[in-house]
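S.K.: Sharing a sequence plus its predicted fold:
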Amino acid sequence: MKIGIPQGLLHWYYYPFWKVYFEQMGFEVITSSSTTKEIVDQGVKHSVPEICVPIKIFMGHVVNLLEQEVDYIFVPRFESIEKGKYFCPKFMGLPDLIRHYFDGVENKLVMPTIKTKTDNIANAKGFKEVAKQLGISRQVHNKALKKAEASWLEFRSLCKKGFLATEAMDIIFGKKERVLKGQKNITLGVLGYVYNLYDPYVSMDILTKFREMGVNVKTFEMEEETLLNQRISHMDKDLFWTFSNRLFSAGYRFYEHPEVDGIIHVTAFGCGPDAMLGKILEYESEKYKKPFMTVRIDEHSGENHLQTRVEAFVDMIIRKKDKRGA
Ligand code: SF4
């Protein structure tokens with residue numbers, strides 16, 4: 001039996017869990033193809049215009065899996081991975097969006113509700129429903145969950161050592177060595193949801209560009225959750241949604257970190273939470289005296305334009321550092 005995993009949204013954070021989980025239960029895991037213009041166009045065609053770009057792209061990945069004729073498609077309903085905090089409502093409504101949009105898809109969907117108190121989703125009750133739906137015994141299912149959890153914890157520990165999420169996944173699945181390349185003396189804090197940053201088509205591969213330029217990169221998932229939570233707990237108000245809060249507190253931590261020379265915020269068109277978080281952090285750049293740049297992605301972004309802006313931003317930081325004799 002084939003189960004399809006769309007390469008969108010939290011695929012970029014939980015794939016090491018999901019792949020191991022389903023394989024341990026005897027499924028062949030098929031991911032949708034990497035994002036292309038065609039997938040984006042399909043997503044736009046099958047969405048309402050007002051919705052944010054990452055959800056449109058996710059819809060395109062569902063179309064791609066339907067074309068690959070998989071038996072099941074995995075679309076978890078992410079509700080919460082933190083006590084008293086929730087996901088942006090678009091995550092919560094995603095399975096409903098899909099089952100109402102595509103005729104006859106409902107019995108192909110595997111859509112557990114994920115509601116836990118930490119990022120580690122192995123204890124989510126929703127997985128019991130998955131076992132029931134797929135006819136998996138309790139023993140096999142528990143073993144699969146344990147292995148999946150171990151794979152994901154290893155992934156997270158690699159991220160916290162400074163590997164990008166995509167590099168950490170490649171290490172877990174044997175495609176890359178556990179070696180962090182030597183980096184130069186410029187460090188950028190790059191803020192963005194994993195599905196914007198790590199999808200090479202969406203972000204125009206901005207992180208690889210930095211690696212090639214010898215720029216050291218810090219992202220929110222390289223930070224300890226406890227430290228991010230502590231930082232946000234000192235603020236008068238937070239942003240309500242778990243991942244928006246993490247970006248927000250990572251932004252402040254990057255501003256306060258002596259090694260970080262500047263911040264780039266990668267955001268997608270149509271994202272409400274980002275409109276607030278980006279603006280607040282932009283205002284703060286003056287106070288912390290660190291440059292801040294926004295890169296906004298839409299369905300029609302142009303790569304050359306991004307390359308030029310990123311290079312100019314890095315050049316400006318180098319010149320500033322040279323002037324200070326750093
Ligand atoms: S946080 Fe923003 S980009 Fe992410 S799903 Fe919600 S609206 Fe879309």
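M.R.: Noted; the coordinates are in hand.

S.K.: can you give me the helices in this protein?
M.R.: 11-24, 37-45, 53-67, 89-101, 126-134, 138-160, 165-172, 194-197, 206-213, 225-233, 242-256, 272-288, 303-324 (DSSP state H).

S.K.: Ala144 contacts Tyr21, doesn't it?
M.R.: Yes. Under the contact definition of CB atoms under 8 Å, Ala144 touches Tyr21, with a separation of 5.2 Å. All C-beta spots, glycine's among them, are computed from the backbone N, C-alpha and C.

S.K.: Dump the helices of the chain to a markdown table, plus distance to Thr116.
M.R.: Below are the helices of the chain laid out as a markdown table (distance: least, CB to CB, whole Å):
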| stretch | distance to Thr116 |
| --- | --- |
| helix 11-24 | 12 |
| helix 37-45 | 28 |
| helix 53-67 | 21 |
| helix 89-101 | 14 |
| helix 126-134 | 9 |
| helix 138-160 | 12 |
| helix 165-172 | 19 |
| helix 194-197 | 18 |
| helix 206-213 | 28 |
| helix 225-233 | 13 |
| helix 242-256 | 11 |
| helix 272-288 | 21 |
| helix 303-324 | 36 |
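
S.K.: Can I get those helices in JSON lines including mean neighbour count, mean pLDDT and distance to Asn120?
M.R.: Conversion of the helices of the chain to JSON lines gives the following (neighbours: other CB atoms under 10 Å; pLDDT from 0 to 100; distance: least, CB to CB, whole Å):
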{"stretch": "helix 11-24", "mean neighbour count": "22", "mean pLDDT": "98", "distance to Asn120": "9"}
{"stretch": "helix 37-45", "mean neighbour count": "17", "mean pLDDT": "94", "distance to Asn120": "30"}
{"stretch": "helix 53-67", "mean neighbour count": "24", "mean pLDDT": "96", "distance to Asn120": "23"}
{"stretch": "helix 89-101", "mean neighbour count": "17", "mean pLDDT": "94", "distance to Asn120": "18"}
{"stretch": "helix 126-134", "mean neighbour count": "16", "mean pLDDT": "97", "distance to Asn120": "12"}
{"stretch": "helix 138-160", "mean neighbour count": "17", "mean pLDDT": "98", "distance to Asn120": "7"}
{"stretch": "helix 165-172", "mean neighbour count": "20", "mean pLDDT": "96", "distance to Asn120": "16"}
{"stretch": "helix 194-197", "mean neighbour count": "23", "mean pLDDT": "95", "distance to Asn120": "16"}
{"stretch": "helix 206-213", "mean neighbour count": "17", "mean pLDDT": "88", "distance to Asn120": "25"}
{"stretch": "helix 225-233", "mean neighbour count": "15", "mean pLDDT": "89", "distance to Asn120": "10"}
{"stretch": "helix 242-256", "mean neighbour count": "22", "mean pLDDT": "95", "distance to Asn120": "14"}
{"stretch": "helix 272-288", "mean neighbour count": "15", "mean pLDDT": "93", "distance to Asn120": "23"}
{"stretch": "helix 303-324", "mean neighbour count": "13", "mean pLDDT": "84", "distance to Asn120": "34"}
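
S.K.: Point to the residue nearest the middle of the protein.
M.R.: The residue lying closest to the centre of the chain (CA atoms, centre = their mean) is Val194, at 1.9 Å.

S.K.: List the contacts of it.
M.R.: Residues near Val194 by CB atoms under 8 Å, 6 or more residues apart in numbering: Leu10, Trp12, Tyr13, Ala165, Glu221, Phe243.

S.K.: so which of the helices of the chain comes closest to Leu180?
M.R.: Evaluated over these, closeness to Leu180 peaks at helix 165-172, with 8.4 Å, by CB to CB.

S.K.: can you dump the C-alpha coordinates of the closest one into PDB?
M.R.: Listed next in PDB are the C-alpha coordinates belonging to helix 165-172 (Å, rounded to 0.1, in the frame of the first residue of the first chain):
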ATOM      1  CA  ALA A 165      16.500  21.100   8.500                       C
ATOM      2  CA  THR A 166      17.200  19.800   5.000                       C
ATOM      3  CA  GLU A 167      20.800  18.900   5.900                       C
ATOM      4  CA  ALA A 168      19.600  17.200   9.000                       C
ATOM      5  CA  MET A 169      17.100  15.100   7.000                       C
ATOM      6  CA  ASP A 170      19.700  14.100   4.500                       C
ATOM      7  CA  ILE A 171      22.000  13.000   7.400                       C
ATOM      8  CA  ILE A 172      19.100  10.900   8.900                       C
END
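
S.K.: Thanks a lot, catch you later.
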